[in-house]
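# sequence and predicted structure, then a few things I'm wondering about:
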Amino acid sequence: MKLGIIRCMQTEDYCPGAGCFKAIREHGGSFENIDEGIEIVGFTNCGGCPGKKAVLRAKMLAARGADTIAFASCIRKGTPIGYPCPFGAKMKALVETHVPGIRLLDFTHYAPGDKPDGK
């Protein structure tokens, strides 16, 4: 898998992406069922609210070889500040429409208490 990650610009001051990178390295979170190697081709932000640059950023990641784009947990789950992006679903829909053939992941890692087994 060649992975590009789009993160929330508003959470950059709170999070350096360590949870995303750990989930990738350990095949956790959204990567639990990924049996192939994962190569990160890019890590960028959405461009700020309301996420209008997400399509441009997704196209840029695809142009650099990404076959999969993950919306970081800060967008879809609100980690680390507990505030999911109100534009997350729209960003995903726009990327699906304007970057055909790209695989999309809804999040990168679990937040505490968020894992399906309750841990």
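Alright, I've got the coordinates. Numbering: from 1, shown residues only.

# where along this protein do the helices fall?
With helices called from DSSP state H, the chain shows them at 18-26, 54-63, 73-76, 88-98.

# in contact with the closest residue to K53 other than its chain neighbours, which residues?
Take K53 and drop its neighbours on the chain: the residue closest to it by CB to CB, 6 or more residues apart in numbering is G47, 2.6 Å away. Any C-beta I mention is one placed from the backbone N, CA and C, and that applies to glycine too. By CB atoms under 8 Å, 6 or more residues apart in numbering, the contact set of G47 is M9, K53, A54, L56, R57.

# show me the contacts for the residue sitting nearest the centre point of the chain.
Nearest residue to the geometric centre of the chain (CA atoms, centre = their mean): F71, 2.1 Å. With contacts defined as CB under 8 Å, 6+ apart, F71 is in contact with I5, I6, G88, M91, K92, L104, L105, D106, F107, T108.

# about what we covered before: nearest to G42, of the helices of the chain?
helix 54-63 (4.7 Å; CB to CB).

# so the closest one versus helix 88-98, what angle?
Orientation of helix 54-63 against helix 88-98 (axes from the mean of the first three to the mean of the last three CA atoms, to 10 degrees) gives an angle of 50 degrees.

# kindly export helix 54-63 (C-alpha atoms) in CSV.
Extracted C-alpha coordinates of helix 54-63, given in CSV (Å, rounded to 0.1, in the frame of the first residue of the first chain):
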residue,chain,number,x,y,z
ALA,A,54,-8.8,18.3,0.5
VAL,A,55,-9.4,17.4,-3.1
LEU,A,56,-6.3,19.2,-4.3
ARG,A,57,-4.3,17.6,-1.5
ALA,A,58,-5.6,14.1,-2.4
LYS,A,59,-4.8,14.7,-6.0
MET,A,60,-1.3,15.8,-5.0
LEU,A,61,-0.8,12.6,-2.9
ALA,A,62,-2.1,10.4,-5.8
ALA,A,63,0.2,12.1,-8.2
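
# need the contact partners of stretch 48-63.
4, 6, 9-10, 41-42, 44-47, 69, 85, 87-88, 90-91, 94-95, 98-99, 102.

# again, only this time at 7 Å
Contacts to stretch 48-63, defined as CB atoms under 7 Å, 6 or more residues apart in numbering, come from residues 4, 6, 9-10, 41-42, 44, 46-47, 69, 85, 87, 90-91, 94-95, 98-99, 102.
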